[in-house]
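*Asks:* Okay, here's the prediction I keep looking at, along with the sequence it came from:
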Amino acid sequence: MAILVTGGAGYIGSHTVVELLNAEQQVIVLDNLSNANVNALKRIENITNKTCVFYQGSVLNKALLHKIFTDHQIESVIHFAGLKAVGESVNKPLQYYETNVTGTIILCQVMAEHGVKQLVFSSSATVYGVPDSLPIRENFTTGATNPYGQSKLMVEQLLTDLHIADKQWNIAVLRYFNPVGAHESGLIGEDPSDTPNNLMPYICQVAVGKLPELQIFGNDYLTPDGTGVRDYIHVVDLAQGHLKALQKLSTRPGIVTYNLGTGRGYSVIEIIKAFEQASGKQIPYRFSARRDGDLAAYFADSSLAYEELNWQPLHSLESMVESSWLWQSKNPNGYND
């Protein structure tokens, strides 16, 4: 039996495929390569000495999905495929709703037709909107503030409704905080297709000279150094969370939701200093005005995942920045090197 990983050539998907192959799972990858590179799959083979089956295409392609489920004995799906840039979603809401919501509907339709009803869904902490307090727990009120977050919330709702209608569906919804870092080999990592939207790849590209400086939005927050505080989690810890969630679905049927974060926050300045220490590079930066919608601090209570999944993040901040720098220094142009 195989596991289908949609978006499996992307940043989090590729690291999860490594963990699945190392756990002796058969893996089928579907990815349209819109924000991924097929070379990631070749490097996964180098890391694991194992192969996966790859299909290039979209979850919107129902005929292709039917072919995959017909040609392979698939027992479960990990669903990463989707668009994920908050700013872009504001400018392209229709594209985000089509890819993230309609794509999931089509995937679930095909799964149901082939009798596959075990799913791990890649959600996001953006579904919490502006929390009333910290740390953020799974039972907090949700309320996204942008089309990307709203698309994730809509998928969470449709998966809940799907389980209510058919109790045979076993679904784990994983709400990520801020994935960073890279595989210890330095062979796979985060490779944005254009200017990075996230802090760590931006710092990495400044360190290798691709970008002149880091722009920090706001230095007057009520935090220890005035810069925003976020919960960063190593991508390998995050990948392990998906394997734990799959195992859980086999022993606790139903629909479950878990935060995946470290439970503590680091400020932008703390990340910069840790990266400079690890890389020996100075990261020039300048402060600019706060961005609309940004919060002073945002971090998880992940105790439910610790208790029910027997999962906990094992990587330190030092490991996060060191692995990020190893990846970027070995691959200054990402997978095109």
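*Replies:* Right, received. Where do you want to start?

*Asks:* give the contact list for Lys167.
*Replies:* Each residue near Lys167 by Cβ atoms under 8 Å, 6 or more residues apart in numbering is listed here: Pro253, Gly254. Placement of C-beta: from N, CA and C, glycine included.

*Asks:* isn't there a helix covering it?
*Replies:* No - Lys167 sits outside any helix when classified using DSSP: H, G, I helix; E, B strand; the rest coil, being coil.

*Asks:* and the gap between it and Pro253?
*Replies:* 8 Å (Cβ to Cβ, to the nearest Å).

*Asks:* and what of Ile106?
*Replies:* Counting by Cβ to Cβ, the gap from Ile106 to Pro253 is 24 Å.

*Asks:* Near Ser34, how many other residues are there?
*Replies:* By the measure other Cβ atoms under 10 Å, the count of residues near Ser34 is 12.

*Asks:* Sorry, slip of the keys, the one I care about is Arg286.
*Replies:* 10.

*Asks:* Is it in a helix, a strand, or coil?
*Replies:* Secondary structure of Arg286, reduced to three states by three-state DSSP: strand.

*Asks:* Now do the same for it: its pLDDT.
*Replies:* Here the pLDDT value assigned to Arg286 is 97.

*Asks:* What of the one 10 residues further on?
*Replies:* In the prediction, the pLDDT value recorded for Ala296 is 95.

*Asks:* in what helix or strand does the closest residue to it other than its chain neighbours lie?
*Replies:* Once flanking residues are discounted, Ala296 sits nearest to Tyr221: 3.9 Å by Cβ to Cβ, 6 or more residues apart in numbering. Under the criterion DSSP states H and E, no helix or strand holds Tyr221.

*Asks:* ok, which stretches of the stretch 1-150 of the chain are helices?
*Replies:* Counting by DSSP state H, counting those that start in this stretch, the stretch 1-150 of the chain has helices at residues 11-22, 39-48, 62-71, 86-91, 93-96, 103-113, 147-165.

*Asks:* which secondary structure elements does the fourth one contact?
*Replies:* Using 3 or more Cβ pairs under 8 Å, 6 or more residues apart in numbering; DSSP states H and E, the elements in contact with helix 86-91 are helix 147-165.

*Asks:* The helix it packs on versus helix 103-113: what angle between them?
*Replies:* Angle of helix 147-165 versus helix 103-113, following axes from the mean of the first three to the mean of the last three Cα atoms, to 10 degrees, is 20 degrees.

*Asks:* what ranges do the strands span in the stretch 201-337 of the chain?
*Replies:* Along the stretch 201-337 of the chain, counting by DSSP state E, counting those that start in this stretch, strands occupy 214-217, 229-230, 232-234, 255-260, 266-267, 285-288, 297-298.

*Asks:* Tell me the bridge partners for Ser288.
*Replies:* Taking DSSP bridges as the rule, Ser288 bridges to Phe217.

*Asks:* Share the number of residues neighbouring it, please.
*Replies:* 11.

*Asks:* quick one, what contacts it?
*Replies:* Contact partners of Ser288, counting by Cβ under 8 Å, 6+ apart, are Gln215, Ile216, Phe217, Gly218.

*Asks:* Present the residues you listed as CSV; the columns should include pLDDT.
*Replies:* Shown next, in CSV, are the contacts of Ser288 (pLDDT from 0 to 100):
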residue, pLDDT
Gln215, 96
Ile216, 97
Phe217, 95
Gly218, 96
